[in-house]
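>>> Predicted model follows, preceded by the sequence.
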Amino acid sequence: MDKQLLSGNEAIAQGAWEAGVRVGVGYPGTPSTETLESLVRHEDTHCEWAPNEKVALEVAIGAAMGGVRTLAAMKHVGVNVAADPLMSVCNTGVNAGLVILAADDPSCYSSQNEQDSRNYAAFARIPCLDAADSQEAYDMTRRAFEISEEFDAPVMLHETMRVAHTRTMTSATGRRDDVAPRPYADDIGKFVMMPANAVRRRLVVDARTERLVEFAEQTDLNRAEMRDTRIGVICAGAVYEHVREALPDASTFKLGLSWPLPPQRLAQFAASVDECYVVEEASDYLSLRILAMGIVLSTPCAGPLPLAGELKPASIRESFGVDAPRHRDAATDLPPRPPAFCPGCPHRLVFCELRRIKAIVTGDIGCYTLGAVAPYSACHSVIDMGASFSMAHGMELAGATDRTGRPVIGVIGDSTFAHSGITSLLGTVYNGGTGTLCILDNRTTAMTGTQGNPVNGVTLTDSSHKTGPLDNPTGKALDLVPLVRALGVDDVAQVDAQDAKAIRTALKAAVENSDQLSVIVFMAPCRLVDRTRRPAPAITDCRACGTCIRIGCPALGRDADGKAIIDVNQCIGCDQCVQSCPFGCIKKED
Amino acid sequence: MQTKTILLVGVGGQGTILAGNLLAMTAAEAGLDVKVSEIHGMSQRGGSVSTVIRVGEHVDSMVCDPGCADVIVAFEAVEALRAQQFLAENGRMFVNDEQIVPVSVNIGNFDMPTDVDARLKSMGAKLIPAGRIARELDSPRSTNVVLVGALSTALDFDEALWHDAIAKRVPPKTVDANLAAFETGRAAASE
């Protein structure tokens, strides 16, 4: 095949397909999402979204145990969710190859934290491959399946956002390997992790680790590139590209296999240069391990590298005392332009009401995290998937409402509820919680790009065929109200998220119902799913009170006299502003 | 060819990704190494967006550091100012002369700068009435391709390669309109 421009995620999908992968499973999460969205377009591969990463990895383990090559894909924080099965499948090993994509997000472009997932590979003692660009992502995916089967271990394929979302020239064979399913045979001693078996498997893993270290000492995945020997840099992944950019003359030791490390080769490299450095991103993963080998590492002459945040050539240049190109200072007087709820977003009116009633809102992961920013400032915690409901219960135990006079309200989206919110709700019901919890059901997994989920029933296969996202999903859609009722919540309401009055009434009733747990399902489709446009409303006799502006719609602005104006290019005719005007000056156009 | 760094900045939804694709396809067809880095996710909800395209015989890093952009194309004027530190000495800057007011200004927390055009001109930026050109061509969604036309004047690629990329990448019914947008943008940059 000719060279193509592929993103890291597309290259991984191509490599996985060519490696004969028959099952791909994951949960959407930036920057990993496009991997399965790309893999599902290939033939003879079944791909699906799981409700969460733990389930995804368990499905993947089952598929690999059942004899077919399998890819599990998730973002870095998803690996936390999948850590429980990971820490046992590392000991059982696999049957057919099992590769786990862990996509990290240094600088938190779309994440709640910055973590180096390779620590999990070391923790679990499983091989970890580290790609620097799409070509490597493709090549390493193919290699990962071979290594997984050769060493009977799941393999972590590690990438960062800059690999996942950078398109680089990639050449692929375009041919799928003929990989027959492996036979399945019962092996209780290997796959049943009860204590007697687990202690024996640990010994198997230790022997495997010794073989893996020998492999690391030999493999061409790791390579020393000798240039000027005054400076030697050990690095991996996209950081290698930044090092080449910033220090083109330096010798480099590029780790393509970042667990286990090759002690002899690293010592040899360090001995062959005057000063040896580790350059890595938002992590001490490599430096701690290499220091523990007794290798002396130097600190760059002009100061240490930044501990946090995405590493770029500029910060490497600065640490190594290389002059930066001259440039203007950044402008400091510009109005910020953070992301905002889209025009017509069904989350907007709910957050306007939460702001009005001065609720303490425990929030969750999704577009509705934006409820924390101006003009709402009506979301007061975001920790991890599902935390909204459990934390609201904790706030209740702390007596927060009694001491502040403010209602505590947990807010979660539909996909996040399916991911980790159901068990949180169950815990609150079981333990007699009496608070108010809201599910914002916008019929999609919006933030990552409108993927299907168990609530709307749209499967990964449906979305690959570009049918209307909500038309005739092949999966079974989950009806939230009966589910919540079945969990033991008696006070359940479903409310139109585009109806301000109904939102106000429902929240008031739920908060006043202080001796019972209340759950409100606010439902209306995301504007990225339902793109229906109606005419913009008309404004007459505006009194310039600014009330409509405070709903924070990007389509609403003010003229020189402070009167509201509508940007008809952005307006989709949702009528949220019509409902907000206290004087009835904004009217629907029929 | 020495590696060139092109930075596209704008507001989510303005079509920076298509513009980046057109450049990447053109450079790849010219036989060059190409890296295109985009920011997805949270930044797409009407926030500031950027795409970095680096082209050359061999490209290492995929990011653009301050002072390293040979060309900046801004799809919105305030976003051009937000990216000013990235412009290289002797770098070129093409700016759509339209402004989009962010929510932070509409709700009264911040003001729009009043001297945007003057500041852009002082750094040698070429203001292109890309939105107006596209509307006059009766193809308002081609604003991004007008700007690609302007960008093409700063890079040494055969015009036919740009045309091929446009013909391959845009919806078939809009090819002629987009080719016209490209040519008009190209002419506007040379005025």
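On my side now, so go ahead.
>>> Could you use CA atoms for every contact and neighbour count after this?
Fine.
>>> and the residue of the stretch 251-400 of chain A nearest chain B?
Residue nearest to chain B within the stretch 251-400 of chain A: residue A:339 (4.0 Å; C-alpha to the nearest C-alpha).
>>> any idea how far that residue is from residue A:166?
21 Å (C-alpha to C-alpha, to the nearest Å).
>>> Which of these two has more residues huddled nearby?
Shown here are residue A:339 and residue A:166; by other C-alpha atoms under 10 Å in any protein chain shown, residue A:166 has more neighbours (26 against 22).
>>> May I have the residues that are in contact with the more buried one?
Residue A:166 makes contacts with A:6, A:7, A:8, A:133, A:134, B:35, B:36, B:37, B:38, B:62, as judged by C-alpha atoms under 8 Å, 6 or more residues apart in numbering or on different chains.
>>> Leaving out the residues flanking it, which one is nearest to it?
residue B:37 (4.1 Å; C-alpha to C-alpha, 6 or more residues apart in numbering or on different chains).
>>> Packing partners of the helix or strand where the one you found lies?
For residue B:37, the enclosing helix or strand under DSSP states H and E is strand B:33-38. When contacts are defined as 3 or more C-alpha pairs under 8 Å, 6 or more residues apart in numbering or on different chains; DSSP states H and E, strand B:33-38 sits against strand A:166-170, helix B:16-29, strand B:48-56.
>>> What's the mean pLDDT across it?
Mean per-residue pLDDT for strand B:33-38: 96.
>>> what separates that strand from the chain centre, distance-wise?
Mean C-alpha position of strand B:33-38 versus that of the full chain (C-alpha atoms, centre = their mean, to the nearest Å) differs by 14 Å.
>>> Strands along chain B, start to end?
Assigned by DSSP state E, chain B shows strands spanning B:4-11, B:33-38, B:48-56, B:69-74, B:87-96, B:126-128.
>>> out of these, which comes closest to residue A:30?
strand B:33-38 (12.2 Å; C-alpha to C-alpha).
>>> partners of the closest one, with directions?
strand A:166-170 (antiparallel), strand B:48-56 (antiparallel) (DSSP bridges).
>>> can I get the CA coordinates of that strand in CSV?
Listed next in CSV are the C-alpha coordinates belonging to strand B:33-38 (Å, rounded to 0.1, in the frame of the first residue of the first chain):
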residue,chain,number,x,y,z
ASP,B,33,7.1,14.1,5.1
VAL,B,34,4.0,15.5,6.9
LYS,B,35,2.8,15.7,10.5
VAL,B,36,-0.6,17.1,11.4
SER,B,37,-1.4,17.5,15.1
GLU,B,38,-4.9,18.4,16.3
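>>> for that strand, which positions count as buried?
Residues of strand B:33-38 classed as buried by neighbour count (16 or more other C-alpha atoms under 10 Å in any protein chain shown): B:33, B:34, B:35, B:36, B:37, B:38.
>>> I'd guessed the third one sits against residue B:62; true?
Yes. With contact defined as C-alpha atoms under 8 Å, residue B:35 reaches residue B:62; the gap is 5.8 Å.
>>> May I see the helices and strands packed on strand B:33-38 arranged in JSON lines, with mean pLDDT as well?
Shown next, in JSON lines, are the helices and strands packed on strand B:33-38 (pLDDT from 0 to 100):
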{"stretch": "strand A:166-170", "mean pLDDT": "97"}
{"stretch": "helix B:16-29", "mean pLDDT": "95"}
{"stretch": "strand B:48-56", "mean pLDDT": "95"}
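>>> okay if I get those as CSV plus distance to residue A:271?
Formatted as CSV, the helices and strands packed on strand B:33-38 follow (distance: least, C-alpha to C-alpha, whole Å):
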stretch, distance to residue A:271
strand A:166-170, 34
helix B:16-29, 41
strand B:48-56, 34
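>>> OK, contacts around residue B:129?
B:96, B:97, B:98.
>>> Name the member of the residues you listed with the most neighbours.
When neighbours are taken as other C-alpha under 10 Å, the top entry among the contacts of residue B:129 is residue B:96 (26 neighbours).
>>> okay if I get the strands of chain B as CSV plus distance to residue A:385?
Formatted as CSV, those follow (distance: least, C-alpha to C-alpha, whole Å):
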stretch, distance to residue A:385
strand B:4-11, 28
strand B:33-38, 25
strand B:48-56, 26
strand B:69-74, 36
strand B:87-96, 39
strand B:126-128, 45
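>>> So for residue A:238, which of those sits nearest?
For residue A:238, the closest of the strands of chain B is strand B:33-38, at 11.9 Å, according to C-alpha to C-alpha.
>>> Okay, angle between that closest one and strand B:4-11 too, please.
20 degrees (axes from the mean of the first three to the mean of the last three C-alpha atoms, to 10 degrees).
>>> Show me what strand B:33-38 is in contact with.
Contacts of strand B:33-38 (C-alpha under 8 Å, 6+ apart): A:5, A:162, A:165-169, B:17, B:20, B:24, B:27-28, B:50-59, B:62-63.
>>> The residues you listed, buried ones only, as a ChimeraX selection?
Entered in ChimeraX, the line below selects the buried ones among those, by 16+ other C-alpha under 10 Å:
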select /A:5,162,165,166,167,168,169 /B:17,20,24,27,28,50,51,52,53,54,55,56,59,62,63
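>>> my read: residue A:60 touches residue A:71, true?
Yes. Contact between residue A:60 and residue A:71 holds when scored by C-alpha under 8 Å: they sit 6.8 Å apart.
>>> Identify the contacts common to those two.
A:23, A:24, A:25, A:98.
>>> which phi and psi does the last one have?
Phi and psi for residue A:98, reported as degrees, to the nearest 10, are phi -130, psi 120.
>>> Tell me which residues touch it, please.
A:60, A:61, A:64, A:69, A:70, A:71, A:72, A:145, A:148, A:153, A:154, A:155.
>>> what about the first one, neighbour count?
Pointing back at residue A:60 there. By other C-alpha under 10 Å, 25 other residues sit near residue A:60.
>>> just checking, what packs against the strand or helix carrying it?
Using DSSP H and E, residue A:60 sits within helix A:53-65. Helices and strands touching helix A:53-65, by 3+ C-alpha pairs under 8 Å, 6+ apart, are strand A:23-26, strand A:70-75, helix A:76-81, helix A:83-92, strand A:98-104.
>>> Please work out which residues outside the longest one touch it.
Right, the one you point to is helix A:83-92. Helix A:83-92 is contacted from outside by A:54, A:57-58, A:61, A:120, A:123-126, A:153-154, A:190-193, A:198, A:201-202, A:204-205, using C-alpha under 8 Å, 6+ apart.
>>> Could you list the buried residues of the helix or strand residue A:388 falls within?
Using DSSP H and E, residue A:388 sits in helix A:387-397. Using 16+ other C-alpha under 10 Å as the test for burial, helix A:387-397 gives A:387, A:388, A:389, A:390, A:391, A:392, A:393, A:395, A:396.
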